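[1] please work out how this folds:
(2 chains)
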Amino acid sequence: MTLTVKSLLVVAALALAACNNPDRYGAGGPGGAGGPGGAGGIDTTGLGDPNNPTSIAYFNQRVGDRVLFAVDQSTISPEGRAVLTAQAQWLMTNTGYAAIIEGHADEQGTREYNLALGARRAAAVQNFLISQGVPANRLRTISYGKERPIEVCSTEDCYSKNRRAVTVLSAGAGV
Amino acid sequence: MRAALRTLLALILGMTLTGVTPVLAQNAPPRIVIGPGVIEPMPIAIPTFIDEGGAGEYAREIGRVVQSDLEGTGFFRTIGEEAYISRITSFDGGVAFEDWKAINAQVLITGAVSVSGDRITVKFRAYDVFNGQVMEGAALQFAGTTQGWRRMAHKVADVVYSKITGEGGYFDSRVVFVSESGPKNQRLKRLAVMDYDGANVAYLTDSSAIVLAPRFSPTGDRILYTSYETGFPRITLLDVASLARQSLDEQPGTMTFAPRFSPDGGTVVFSLERGGNTDIYALSLGGGGLRQLTNAPSIETAPSFSPDGSQIVFESDRTGSPQIYVMPASGGEGTRISGGAGRYGTPVWSPRGDLIAFTKQNEGRFHIGVMRTDGSEERLLTASFLDEGPTWAPNGRVLMFTRETSGAGGQAQLWSVDITGRNLKQIPTEGPASDPAWSPLLP
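    Next up, the predicted model:
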C-alpha cells in the first residue's frame, strides 16, 4: 500500500467513525436480509406511536418521509415542496433527530447514471431542507441508484414510486 | 517469433516441424476472416486426447473444453467421433490425413495428457489437414498443477483460434462479476470471479453490503469496485490473491463510484459526487493525489481510458440526456461523439483501440452497441428490455454484458455477443449475475 493510499484511508476511517451507518438493508434491516452488517455501528431507534407528533412513525406516516420525481429529473414538484416544508418544520421542532436522505432511481437507466441521478435527487431535498432552516450538520445524503426499488413491477406505476428521495430519521443531533 | 517457437517446440517435443513433407501443391491454410456476412462454421476434428499416463478423465475433459471454446465462437463445428475413419492412438504416431480429409475435417487437433501426482502435462498439435502438416506454431506443451487443467485446455483453444482467425485469443481469461440473489427490492450482491465460460466460480466478498461494477486491473491482479461496506458508496481496491481490501477515497460527504484503471494500472479514474453534482476525477495510486478532470454542473460518469492512455471516453447529461464524450486524459470539456436518437451510457474503449462499446436506451428498449471512436458507424448488436454495461474480451472481438428481464420476478444474467452481432448467448452461472468485467488474457 502506498503512503498516499494509507493517508487517504486514515481520513476515510475518521470520516466514517463520525457518522451512522445508513445501510438499513444490512443486519439492522427488517427481516435481517443482509446478514452481518458492514463496518460502522448500527443505531437502533424506536419508531414510536404514529399518534405521538415527536415520533419517527409520525414523521414517516403523517408528515411524509418521501418525495417523488419525474423521469431523469431532480426538480422538486409543488407536492414535494409541501412535504419537505412540513419535514423541515418537524426537524426544527424535534432537534434530537438527524436524517439521511436516500436518493433512488427507477430501473430505466444504467447503473452508474442512476447512482449519480439518485445523488442529485437526495441533494435537491437536502438543499431544500437547509433553505427552510434545518441545520446542514443534521443532514446527510446517500444514493442507491436503481439498487433498492420499493415497487418491483416494470411499468410506470412502479417506476413513479421508485423515483424518490426518502428522509430517514435516526436519533442523534448530527450525522 | 516463428523461429523461437520452432526452437521451443524442438526443445519441448524433441522433434522438428519441418520434417513433414507437404502434399504436392500447397492449399491455402485453414483460415477464417471474421467480418460482416454469414460465416459457415469450419469443420474440425478433436479426437479424445491420448492418456500418456495417469490422465484418467482429464484426457477426455480437456478435449471437451477445447471443443466448447472453439464451437462457442460460432466459427467452428466439430465432427462427431462416429464419423471418424481412423483413430488417433498415439500422439507421435503418423496421421492418416486422407481419412480426415475424407470426412472434410479442415483442422485436426490431437493431444496427449499425462498426470503425475498433482502435476499435469498437456501437449497438442493442430494439423492443417489438406496440406498434411502441423500449422505453424500450433504444437505446444503446457505443464502445471492439475488445478489448472481448464486453463491448459483454454490455451490450446486460444492457439488454434488465433492461428485460424488471425485474431488474438480470449479463452484463457477470467471474468469478475456480481452474483445476485434475493428478491428485486432486497437484492443481495457479492463479487465473484469465473472462467470466461462460467466455470470455476470463486466468491471474493460476502453479500453483507451492496457491491457494484467490478473492474480488473490491466494485469488482472487487482479489482476495483463500488461497495456500500462503509454504509456509503465507496471505491474499493481488492487484491485478487490475498483478498485484502482497501477503500480508495479521501473526502467525507462525497460518494465515489464507476472506477476504472488506466492502461498502465497506476491511475484510477472514477466519478466523485459532491453536493449532488458528479464529476470525473483521477487518483494516482503511486502518490500524486487527486485530480479533477471534468468540472460541470451536469452528471459526468462512466470514464474509460483509450488503450494508449491518452484519452478518456465518458458519459455526460450536459445537453439534458446522457451522451458519450471523449476528452484528453488530462481532462477538459470533451467532444461529443454519440449522435443518434436516444440515451447513451457506459462507454468502454476496445482493447484494440478501434471501437467504443456502449449501452443505448431508445424507445423503451436497451441495446448494446459499438461505434468508431469518432462516433461514426454506430451498430446496435442487441435489443431487450434491459441490456447494459458491456465489457470487452481481451481480443476486442466479443462483448459480455448484463441482460435483465422485466417485472417483479426480473433477474439479471450474463450474455455475450460477437462485435459483428452474431453468436448472442447466455453465459451459464449458478444464479442471477450482473456487471461482468473481462480480465486480460492470462499469462
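
[2] please count neighbours and contacts with C-alpha atoms only from this point.
    Will do.

[3] how is chain A divided into domains?
    As given by automatic domain parsing, the domain ranges for chain A are A:1-42, A:45-171.

[4] helix/strand/coil for residue 63?
    I'll assume chain A. helix (DSSP: H, G, I helix; E, B strand; the rest coil).

[5] that's the wrong chain, I meant chain B
    Following three-state DSSP, B:G63 is assigned to helix.

[6] residue contacts, the closest residue to B:V175 other than its chain neighbours?
    Once flanking residues are discounted, B:V175 sits nearest to B:W438: 4.5 Å by C-alpha to C-alpha, 6 or more residues apart in numbering or on different chains. By C-alpha atoms under 8 Å, 6 or more residues apart in numbering or on different chains, the residues touching B:W438 are B:173-176, B:196, B:215-216, B:391-394, B:400.

[7] again, only using 10 Å
    B:170, B:173-177, B:193-196, B:214-217, B:220, B:390-394, B:399-400 (C-alpha atoms under 10 Å, 6 or more residues apart in numbering or on different chains).

[8] please identify the helix or strand for B:R190.
    If you go by DSSP states H and E, B:R190 is part of strand B:188-195.

[9] quick one: mean pLDDT for stretch B:298-307?
    The predicted model gives stretch B:298-307 an average pLDDT of 98.

[10] check whether it comes near chain A.
    Yes. Stretch B:298-307 is in contact with chain A by C-alpha under 10 Å from any C-alpha of the partner chain, via B:298-302.

[11] wait, B:L248 touches B:V268, no?
    Yes. Assessed by C-alpha atoms under 10 Å, B:L248 is found in contact with B:V268 at 9.4 Å.

[12] so what's in contact with these two at the same time?
    Common contacts of B:L248 and B:V268 (C-alpha under 10 Å, 6+ apart): B:224, B:235, B:237, B:283, B:285.

[13] who wins on neighbours among the residues you listed?
    B:I235 (28 neighbours; other C-alpha atoms under 10 Å in any protein chain shown).

[14] circling back: sheet partners, orientation included, of the strand holding B:R190?
    Strand B:188-195 has its sheet partners listed here by DSSP bridges as strand B:174-181 (antiparallel), strand B:202-203 (antiparallel).

[15] thinking again about what came up before, quick one: buried ones out of the contacts of B:W438?
    B:170, B:173-177, B:193-196, B:214-217, B:220, B:390-394, B:399-400 (16 or more other C-alpha atoms under 10 Å in any protein chain shown).

[16] and chain A, is stretch B:362-376 touching that?
    Yes. Interface with chain A: stretch B:362-376 contributes B:364-366 (C-alpha under 10 Å from any C-alpha).

[17] what about stretch B:415-431, how long is it end to end?
    One end of stretch B:415-431 sits 13 Å from the other (C-alpha to C-alpha, to the nearest Å).

[18] any idea how far that stretch is from the chain center?
    11 Å (C-alpha atoms, centre = their mean, to the nearest Å).

[19] residues of that stretch that come out buried?
    B:415-422, B:424, B:426-427.

[20] next: stretch B:261-280.
    B:261-263, B:265, B:267-280.

[21] keep only those of those that are in helices.
    Residues of the buried residues of stretch B:261-280 located in helices (DSSP state H): none.

[22] filter those down to the ones close to chain A.
    Within the buried residues of stretch B:261-280, those near chain A by C-alpha under 10 Å from any C-alpha are B:271-279.

[23] of all pairs in the residues you listed, which one is the farthest apart?
    Taking C-alpha to C-alpha, the two most distant members of those are B:S271 and B:G275; they sit 13.1 Å apart.

[24] so what sits against both of these two?
    B:M255.

[25] about what we covered before: dump the ones next to chain A among the buried residues of stretch B:261-280 to CSV, plus pLDDT.
    Formatted as CSV, those follow (pLDDT from 0 to 100):
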residue, pLDDT
B:S271, 97
B:L272, 97
B:E273, 97
B:R274, 96
B:G275, 95
B:G276, 97
B:N277, 98
B:T278, 98
B:D279, 98
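
[26] between those residues, which is closest to chain A?
    B:G276 (4.0 Å; C-alpha to the nearest C-alpha).

[27] double-check the closest one against A:A123; I have them as touching.
    Yes. Here B:G276 reaches A:A123: they are 4.8 Å apart, a contact under C-alpha under 10 Å.

[28] what sits in contact with each of those two?
    A:74, A:103, A:117, A:141-143.

[29] just to revisit the earlier point, distance to B:I312 and mean pLDDT for the strands paired with strand B:188-195 - can I get that in JSON lines?
    Shown next, in JSON lines, are the strands paired with strand B:188-195 (distance: least, C-alpha to C-alpha, whole Å; pLDDT from 0 to 100):
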{"stretch": "strand B:174-181", "distance to B:I312": "22", "mean pLDDT": "98"}
{"stretch": "strand B:202-203", "distance to B:I312": "31", "mean pLDDT": "96"}
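
[30] mind listing the residues bridging to B:L238?
    On the basis of DSSP bridges, B:L238 is bridged to B:I223, B:R245.

[31] tell me the confidence at it?
    In this prediction, B:L238 carries a pLDDT score of 97.

[32] distance-wise, check B:S181 relative to B:S208.
    Distance from B:S181 to B:S208, counting by C-alpha to C-alpha: 12 Å.

[33] overlap in contacts, the two.
    Contact criterion C-alpha under 10 Å, 6+ apart; residues shared by B:S181 and B:S208: B:188-190.

[34] residue nearest the middle of chain B, spatially speaking?
    Nearest residue to the geometric centre of chain B (C-alpha atoms, centre = their mean): B:A393, 2.8 Å.

[35] I figured it hits B:G169, correct?
    Yes. Using C-alpha under 10 Å, B:A393 is in contact with B:G169, at 9.0 Å.

[36] pull up the pairing partners for the helix or strand hosting B:L108, direction included.
    In the assignment (DSSP H and E), B:L108 maps to strand B:107-116. Paired with strand B:107-116 in the same sheet, following DSSP bridges, are strand B:42-45 (parallel), strand B:50-51 (parallel), strand B:119-128 (antiparallel).
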